[in-house]
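Trainee: sequence first, then the predicted structure, then my questions.
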Amino acid sequence: MLTVYTDIHHRHDSRGEIFRGRLVPTFEMPRRADNVLARVKETRLGEVLAPEPFGMTPILKVHGAELVSFLESAWERWAKEQGDWDAIPGTWPAPCLRRVLPRRVSAQLGYYCFDSSTPITAGTWAAASAAVDVALTAQKRVAGGERAAFALCRPPGHHAARDYYGGYCYLNNAAIAAQAFRDQGAARVAVLDVDYHHGNGTQSIFYERADVFYFSLHGDPAEEYPYFLGYAEETGEGAGKGFNANYPMPAGTAWARYGEALADATRRIGAYGAEAIVISLGVDTFKADPISKFKLESEDYPKIGAMIAKLGRPTLFVMEGGYAVEQIGLNTVNLLAGFEGRG
């Protein structure tokens, strides 16, 4: 399987995040992608390509121009106002407050970002925009006839919505790729999100549309991040009614229950008639992940890949989460190898 990757992701290297009330070293670190790439090469999964540039047009088909402009300029403005430290919001427009855009970048952070774990650094925009190019380069190959490709994106993207960012995500790589499939003629696209955390950004982007069906298997948001989206009753609105499917599951979920949910999701993808599938590939469902609570084993990931492969559709894998850094390469490539019948 072809992999697309760029070293530009190293430019996004934050010094810390506020996690459950504490300032801690960031879980979303460059070594995550480095370890996946090393495993791709070690197992000879396939060719590794650098991305080609796609510019701003595909980004602006999914994200609002105001958010994109903010992300592009935030670090320079922050450094002038606050100095050389990661930019983390400290104030948010709660429901009782007016949602107006303040002048100061330190306040604008809370206008556009929904959490305190997604710092902006000097290299964040370069890395995030390069991750989009990674996803679109892999998507182009799949649209051109490849059975599947792997976009080794970093930073991840599925928590980023049209007009906000968060959850380590700045631009929604998977959503931008799904839109590209639509723009290039695929009548129906499915996004299958197997990350431990619900992809609230992807859901919100496509929630009123029937041409992109979003499926997510994730930790129950009553207990797990992102808390405020991802419930089973969220099935879409307007034209999108019935085209959003959430499978929230409790802490401790292991393969037996997870496999049942995945089987139902893949059955529904087949019935939908998707002409292309985008997989938001998170492996933070692993039992040793430090911020997640599912109990999948490394031996379970080839099963996920094999079940996706049975759909027989052109498939793009887009890297999302996974914070057990020493095992992230093993688990990611296990899933991809399972798709290829090598698991």
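Mentor: Yes, it's here.
Trainee: neighbours of Ala251, how many?
Mentor: Burial of Ala251 is recorded as 12 neighbouring residues (other C-beta atoms under 10 Å). C-beta coordinates here come from the backbone N, C-alpha and C atoms, glycine included.
Trainee: how far away is the closest residue to Arg147 other than its chain neighbours from Ala122?
Mentor: Nearest residue to Arg147 in three dimensions, chain neighbours excluded: Pro314, at 6.6 Å (C-beta to C-beta, 6 or more residues apart in numbering). Here Pro314 is placed at a distance of 37 Å from Ala122 (C-beta to C-beta, to the nearest Å).
Trainee: of those two, who's got more company?
Mentor: Per other C-beta under 10 Å, whichever of Pro314 and Ala122 has more neighbours is Pro314, with 23 against 16.
Trainee: how close does the more buried one get to Tyr170?
Mentor: Computed as C-beta to C-beta, the Pro314 to Tyr170 distance reads 27 Å.
Trainee: need the contact partners of stretch 114-125.
Mentor: Residues outside stretch 114-125 that contact it (C-beta atoms under 8 Å, 6 or more residues apart in numbering) are 8, 10-19, 26, 71-72, 74-75, 78-79, 84, 86-90, 92, 109, 155, 164-170, 225-226.
Trainee: what mean pLDDT does stretch 312-329 have?
Mentor: Stretch 312-329 carries an average pLDDT of 98.
Trainee: again, but for stretch 102-121
Mentor: The predicted model assigns stretch 102-121 a mean pLDDT of 97.
Trainee: longest helix of this protein, counting residues only.
Mentor: Assignment by DSSP state H gives helix 124-143 as the longest helix of the chain.
Trainee: that helix - what's its average pLDDT?
Mentor: In the prediction, helix 124-143 has an average pLDDT of 99.
Trainee: name the helices or strands packed onto the helix or strand following that helix?
Mentor: Per DSSP states H and E, the first helix or strand lying C-terminal to helix 124-143 is strand 148-151. Helices and strands touching strand 148-151, by 3 or more C-beta pairs under 8 Å, 6 or more residues apart in numbering; DSSP states H and E, are strand 2-4, helix 124-143, strand 315-319.
Trainee: parallel or antiparallel, list what pairs with strand 148-151.
Mentor: According to DSSP bridges, strand 148-151 forms sheet pairs with strand 2-4 (parallel), strand 315-319 (parallel).
Trainee: buried residues, stretch 286-305. List them.
Mentor: 286-287, 289, 291-296, 298, 300-305 (16 or more other C-beta atoms under 10 Å).
Trainee: first-to-last residue distance for it?
Mentor: One end of stretch 286-305 sits 15 Å from the other (C-alpha to C-alpha, to the nearest Å).
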